[in-house]
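> Structural data only, the sequence is not supplied:
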């Protein structure tokens, strides 16, 4: 699958900053890869190369089951928003109604990635009591599977740190709309501020996007450590973006996994990786999802396979999701 390789750049003193990540994990806490590690009772059926947008019929839910996924990163510039955007497009093309929420409430950019100018945003849902249905912006036509965006605002500092009252108000106003979708992807802001922590805890699944860069590795570990320490979160899926080889994917994820196992007592699960691909930059310049403009690009095929993994998770979690809020209300505010 990977055609080019470079030596994994995961040194540069990372051991000191990650509390000696080279130390072997405790017994039974080795490197985990793929959903089968976290969900051993789930059959894994990866779509074939070039399989296109075909619905995963075994995971199509006849009941109203909504999976919420918080897409996050320890630092900016790792391609998190692009991954979220293209995962959303892939799921919608497979026949699943999909909502992509821009939860970077101070520095929103999904509208820029798509070249759209929405008239409303999440700020108006909270501050001006506008209905969420009036804010949602359709990216594709309504049908069996459609793709909507819930945009946020840029340059609004009061939204960057939501207090408990504001968070509860937002959830009450959003919940009826969220239930209309098969999946809701939350594109969180980078870093570890209070709003990021809150949205991460509200979602049913957490997807951490990182790259092979040393700064991404250390910041990813910091994000996992804070969410675990403050909110008790122990379940993380990882996507390694912009890799040149399978060896690079394995090397960088292993460093993160070993550090988490040694110092936090649990290990994340590797969902997969996305290859370095110039097509991604071209799609950004065209302000379109990569899977729409260059669906045969290597990175597009990787993201398509990741979307299949998320559908399996939705299938396995159906019993837990049905009848429960799409985003759970936190018992206490985390400041």
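Okay, I see it. This one's a predicted model, so the numbers in the text were calculated from it and none came from an experiment.

> mind listing what's buried in the strand or helix carrying residue 281?
Element membership for residue 281, per DSSP states H and E: helix 278-286. Residues 279, 280, 283, 284 are the ones in helix 278-286 that count as buried (16 or more other CB atoms under 10 Å). C-beta: built from backbone N, CA, C; applies to glycine.

> helix or strand right after it?
Taking DSSP H and E, what comes next after helix 278-286 is helix 290-293.

> So which residues make contact with the strand or helix carrying residue 177?
Secondary structure assignment for residue 177, by DSSP H and E: helix 164-178. Contact partners of helix 164-178, identified using CB atoms under 8 Å, 6 or more residues apart in numbering, comprise 66, 68, 99, 122, 125-126, 129, 131-133, 136, 150, 162, 184, 198, 202, 325-327, 329-330, 332-333.

> now that helix: how far from the chain's centre is it?
Relative to the mean C-alpha coordinate of its chain, helix 164-178 is positioned 20 Å out (CA atoms, centre = their mean, to the nearest Å).

> residue boundaries of the strands in the protein?
67-72, 98-103, 137-138, 147-150, 183-188, 205-210, 237-243, 269-275 (DSSP state E).

> Save those as a markdown table, and put in mean neighbour count too.
Below are the strands of the chain laid out as a markdown table (neighbours: other CB atoms under 10 Å):
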| stretch | mean neighbour count |
| --- | --- |
| strand 67-72 | 26 |
| strand 98-103 | 27 |
| strand 137-138 | 14 |
| strand 147-150 | 24 |
| strand 183-188 | 28 |
| strand 205-210 | 26 |
| strand 237-243 | 25 |
| strand 269-275 | 24 |
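
> Save the ones you listed as a markdown table, and put in distance to residue 298 too.
Listed next are the strands of the chain as a markdown table, based on distance: least, CB to CB, whole Å:
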| stretch | distance to residue 298 |
| --- | --- |
| strand 67-72 | 21 |
| strand 98-103 | 23 |
| strand 137-138 | 29 |
| strand 147-150 | 23 |
| strand 183-188 | 22 |
| strand 205-210 | 17 |
| strand 237-243 | 11 |
| strand 269-275 | 5 |
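
> Quick one, which of those strands gets closest to residue 288.
strand 147-150 (12.2 Å; CB to CB).

> Between its first and last residues, what's the separation in stretch 177-186?
Terminal residues of stretch 177-186 are spaced 14 Å apart (CA to CA, to the nearest Å).

> quick check: mean pLDDT across the helix holding residue 177?
Predicted confidence along helix 164-178 averages 86 (mean pLDDT).

> now stretch 252-260
On average, stretch 252-260 scores 98.

> Name the spans of the chain whose pLDDT lies under the cut-off.
1-63, 106, 141-144, 154-161, 331-335 (pLDDT under 70).

> Leaving out chain neighbours, which residue sits closest to the residue minimising distance to the centre of it?
Nearest to the geometric centre of the chain sits residue 71, at 2.3 Å (CA atoms, centre = their mean). Once flanking residues are discounted, residue 71 sits nearest to residue 84: 4.2 Å by CB to CB, 6 or more residues apart in numbering.

> okay, now that neighbour: neighbour count?
By other CB atoms under 10 Å, 26 other residues sit near residue 84.

> hang on, it packs against residue 187?
Yes. Using CB atoms under 8 Å, residue 84 is in contact with residue 187, at 4.3 Å.

> Now list whatever residues contact both of these two.
71, 100, 110.

> ok, the closest residue to the last one other than its chain neighbours - contacts?
Pointing back at residue 110 there. With sequence-adjacent residues excluded and distances taken as CB to CB, 6+ apart, residue 110 is closest to residue 102, at 4.3 Å. Counting by CB under 8 Å, 6+ apart, residue 102 makes contact with 108, 109, 110, 111, 122, 149, 150, 151, 152, 187.

> Output the residues you listed in CSV; the columns should cover distance to residue 91.
Output for those, formatted as CSV (distance: CB to CB, whole Å):
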residue, distance to residue 91
108, 21
109, 20
110, 15
111, 20
122, 21
149, 14
150, 15
151, 19
152, 20
187, 14
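
> Of those residues, which qualify as buried by neighbour count?
108, 109, 110, 111, 122, 149, 150, 151, 152, 187.

> just the buried residues of helix 278-286 now: which is nearest residue 224?
residue 280 (25.2 Å).

> and the helix holding residue 281, what does it pack onto?
The contact analysis (3 or more CB pairs under 8 Å, 6 or more residues apart in numbering; DSSP states H and E) places helix 278-286 against helix 80-93, helix 290-293, helix 298-316.

> what do you get if the cut-off is 10 Å, keeping everything else the same?
helix 80-93, helix 110-114, helix 290-293, helix 298-316 (3 or more CB pairs under 10 Å, 6 or more residues apart in numbering; DSSP states H and E).

> what sits up against that helix?
Applying CB atoms under 10 Å, 6 or more residues apart in numbering, the external contacts of helix 278-286 come out as 79, 81-83, 85-86, 112-113, 115, 241-242, 274, 277, 288-300, 303.

> Let me know how buried the closest residue to residue 260 other than its chain neighbours is, in neighbour terms.
Here the nearest residue to residue 260 in space, its sequence neighbours aside, is residue 267; by CB to CB, 6+ apart that works out to 5.3 Å. Counted with other CB under 10 Å, the neighbours of residue 267 add up to 27.
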